[in-house]
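In: here is my input; please provide its structure:
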Amino acid sequence: MGLASLACLALVGAAPKLPPVSERYPVVYEEPTSPSMAAVAARMKEKRALETTAEMLAFLKLPRKLTLKAASCGEANAWYDAETDVVTFCYEMADDFIRGASAEERFGLTQEQAAAGPFLFIMFHETAHAIFAILDVPVLGREEDAADQLATLVAIRLGGNFAERMLRGAALMYQRDSAARKIGEDDFADMHGLDRQRYYNVLCMAWGADPKQFAWAQEVGHLPKDRAEGCAEEFAQVQKAVRRLITGKNVDQAAAVRVKEKAAKSKFAR
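Out: Presented below is the predicted three-dimensional model:
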């Protein structure tokens, strides 16, 4: 077989090159409709909040583009729209994270990490909804719980201090939300779990993945011993489901390595 034929075979067998991240995950910063959100919008643009999220998703191969958008919503919220394939993060929620952030000695976070951690977790959570819809992933149980589990697993897989900061930030967010809201009947009927339940679910996933790295889940988060005993099994269950239903052809392994390396070097992880 000649060199030309070998070259042709190599080209046929080569994996198609992924389009740039900016094409697969375009970002949009809408102009805020309220003057009070102007500073928040400017800060998100300056920090490249959406671009950073897109770069963290570079390992994921979706069959169509997913737009990440920041906008005024009139409330602190975030969601994925399956009709448009747009993840919207509200300036009002960013404002809540910024206002509520302080140097968290208990969770070992700087003021900036205390705001960025919840933002990243929510963006991963909403992207999880997009993954379920775009890849037609069957979900047994509440999708909101599954989205939290996938967001937590992605953080754990990014590893090191990045995972530490992000999951501490997520735990902090759910702890604050649970303390700030009086539970009513609507909360029990809601599609989301109670904030305090989501808090312990994040701690359990982290502890189950690596009790040494995430020892703070018990030491700081006070994960109950009885729950901790089953966390390794809970983590393994989620990991197994994700491997069978999502990874494989939907993940670029080389890109995953690059994303992990970039996360380790990020300011957020230091």
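In: just the strands from the chain, written as ranges.
Out: Listed in chain order, the strands of the chain (DSSP state E) span 27-29, 67-71, 78-81, 86-90.
In: ok, which of the ones you listed comes nearest Lys225?
Out: Each of these was scored for nearness to Lys225 using CB to CB, and the closest is strand 78-81 (33.7 Å). (Each C-beta comes from the backbone N, C-alpha and C, glycine too.)
In: next, the buried residues of that closest one.
Out: By neighbour count on 16 or more other CB atoms under 10 Å, the buried set for strand 78-81 is Ala78, Tyr80.
In: elements contacting it?
Out: Applying 3 or more CB pairs under 8 Å, 6 or more residues apart in numbering; DSSP states H and E, one finds that strand 78-81 contacts strand 86-90, helix 111-134.
In: what's the closest of these to Val259?
Out: helix 111-134 (12.3 Å).
In: and that closest one, what does it pack against?
Out: Here helix 111-134 is seen to pack against helix 49-56, strand 78-81, strand 86-90, helix 91-100, helix 143-158, helix 160-180 when contacts are counted using 3+ CB pairs under 8 Å, 6+ apart.
In: buried set for the longest one?
Out: Residues of helix 160-180 classed as buried by neighbour count (16+ other CB under 10 Å): 161-177.
In: and the contacts of it?
Out: For helix 160-180, the surrounding residues in contact (CB atoms under 8 Å, 6 or more residues apart in numbering) are 97, 100, 104, 107-109, 113-114, 116-118, 120-122, 151-152, 155-158, 194-196, 198-199, 202-203, 206, 213-214, 216-217, 221, 263-264, 266, 268-270.
In: contacts only, for the residue nearest the centre of the chain.
Out: In the chain, the residue lying closest to the centroid (CA atoms, centre = their mean) is Phe124, at 2.1 Å. Contacts for Phe124 were tallied using CB under 8 Å, 6+ apart; they are Thr53, Met56, Leu150, Ala151, Val154, Ala155.
In: where does it land on pLDDT?
Out: Confidence at Phe124, expressed as pLDDT, is 97.
In: likewise the one 3 residues further on?
Out: At Thr127, the predicted lDDT confidence score is 98.
In: returning to what we had before: could the helices and strands packed on helix 111-134 go into CSV alongside distance to Val257 and mean pLDDT?
Out: Putting those into CSV (distance: least, CB to CB, whole Å; pLDDT from 0 to 100) gives the following:
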stretch, distance to Val257, mean pLDDT
helix 49-56, 13, 96
strand 78-81, 27, 98
strand 86-90, 25, 98
helix 91-100, 30, 92
helix 143-158, 11, 96
helix 160-180, 13, 90
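In: of those, which approaches Lys240 most closely?
Out: Put simply, out of those the one that sits nearest Lys240 is helix 143-158, at 10.9 Å, with distance taken as CB to CB.
In: ok, and what's touching the closest one?
Out: 56, 120-121, 124-129, 131-132, 139, 162-163, 166-167, 170, 191-193, 198, 201-202, 205-206, 209-210, 238-239, 242, 246, 256, 259-260, 263.
In: show me which of the residues you listed are buried.
Out: Buried residues within the contacts of helix 143-158, defined by neighbour count using 16+ other CB under 10 Å: 56, 120-121, 124-129, 131-132, 139, 162-163, 166-167, 170, 193, 198, 201-202, 205-206, 209, 238-239, 242, 246, 256, 259-260, 263.
In: wait, what's in contact with Trp79?
Out: With contacts taken as CB under 8 Å, 6+ apart, Trp79 has the following neighbours: Val87, Thr88, Glu126, His129.
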